[in-house]
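[1] I need the structure of the sequence given here:
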Amino acid sequence: MLDLCTRCGEMQADPEVERGGLLVCRSCGDRRTFRRLPLLLVGGPAGAGKSTVGAALLGRVTEAVIMDSDLLWRREFDTPDDHYHDYFRLWLRLCANVAQAGRPVALFGAGFAVPHNFDAIPERAYFSALHLLALICDDDELSARLRRRPAWRDTHEGLIAEHLTFNHWLRENAANTAPPVTLIDTTGRPVEETAAQVAAWIRVHAGE
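    Residues are numbered from 1 along each chain as shown. Predicted structure coming up:
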């Protein structure tokens with residue numbers, strides 16, 4: 001609904017937001033209010049615990065809407081050359097519309113803890129801020145977790161190497177990105193402990 005101007009009927013491919021939180025139609029100049037809430041993004045390499053922690057938060061964190069980005073994944077979105085541009089745009093549009101009910105979204109997905117993935121996304125304008133958190137893990141434990149996955153997940157050695165590289169990148173760069181990425185190391189920690197820490201992080205940023 002945010003993408004469609006209710007006055008002139010034109011679609012807004014590149015949203016414009018005025019100071020004070022007014023959504024402006026680029027075609028006719030119509031202005032309307034909308035809820036400009038923060039977006040909470042929880043990422044990290046495969047095997048670090050995102051899905052497990054996200055599932056543990058369902059029903060116990062009510063300050064934000066918990067969602068798993070795999071829900072909308074399709075093969076046509078697998079476009080690493082443009083940093084999965086269409087996939088991220090779709091999710092930001094969906095999160096902005098969900099937020100109109102009055103609660104921000106906490107979205108869990110591997111690449112969502114990489115700030116530069118959102119630099120060229122027009123829908124970034126729908127949010128007052130992006131807050132990013134990544135779950136990371138010791139290399140040996142991450143590899144072991146991935147190798148224990150069921151066969152249908154097709155966890156081959158190339159995928160393990162890819163996510164170990166991502167794990168290293170987060171450790172080395174999280175503090176220096178814009179915005180910075182909060183890191184939580186899940187190595188040897190029970191799920192409940194990590195879930196409690198993520199829940200506290202969500203509650204802090206959801207209340208902004």
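
[2] show me where this protein has helices.
    Ranges of helices in the chain, per DSSP state H, are 50-57, 85-98, 139-147, 157-173, 191-206.

[3] could you give the angle of the fourth one to helix 139-147?
    For helix 157-173 against helix 139-147, the angle between stretch directions is 140 degrees (axes from the mean of the first three to the mean of the last three Cα atoms, to 10 degrees).

[4] helices or strands up against helix 157-173?
    Applying 3 or more Cβ pairs under 8 Å, 6 or more residues apart in numbering; DSSP states H and E, one finds that helix 157-173 contacts strand 130-136, helix 139-147, strand 181-185. Placement of C-beta: from N, CA and C, glycine included.

[5] any chance of the ones you listed in a markdown table, with mean pLDDT and mean neighbour count too?
    Below are the helices and strands packed on helix 157-173 laid out as a markdown table (pLDDT from 0 to 100; neighbours: other Cβ atoms under 10 Å):
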| stretch | mean pLDDT | mean neighbour count |
| --- | --- | --- |
| strand 130-136 | 98 | 23 |
| helix 139-147 | 96 | 16 |
| strand 181-185 | 98 | 18 |
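
[6] to residue 155, which of these lies closest?
    helix 139-147 (5.0 Å; Cβ to Cβ).

[7] before we move on, the earlier item: in CSV, list the helices of the chain along with distance to residue 29.
    Below are the helices of the chain laid out as CSV (distance: least, Cβ to Cβ, whole Å):
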stretch, distance to residue 29
helix 50-57, 41
helix 85-98, 21
helix 139-147, 51
helix 157-173, 41
helix 191-206, 33
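
[8] nearest to residue 3, out of the ones you listed?
    Ranking these by proximity to residue 3 (Cβ to Cβ) places helix 85-98 first, at 6.5 Å.

[9] buried residues in the closest one?
    Buried residues in helix 85-98, counted by 16 or more other Cβ atoms under 10 Å: 87, 88, 89, 90, 91, 92, 93, 94, 95, 96, 98.

[10] confidence score at the last one?
    Okay, so that is residue 98. If you check residue 98, the pLDDT there is 97.

[11] which segments of this protein make up each domain?
    1-34, 36-206 (automatic domain parsing).

[12] most neighbours per residue, which of these?
    Of those, the one with the most neighbours on average (mean count of other Cβ atoms under 10 Å) is domain 36-206, at a mean of 17.

[13] return the residues in contact with the closest residue in space to residue 201 that isn't next to it in sequence.
    Leaving aside its chain neighbours, residue 201 sits nearest to residue 133 (5.6 Å; criterion: Cβ to Cβ, 6 or more residues apart in numbering). By Cβ atoms under 8 Å, 6 or more residues apart in numbering, residue 133 lies in contact with 40, 41, 42, 43, 113, 181, 182, 183, 184, 198, 201.
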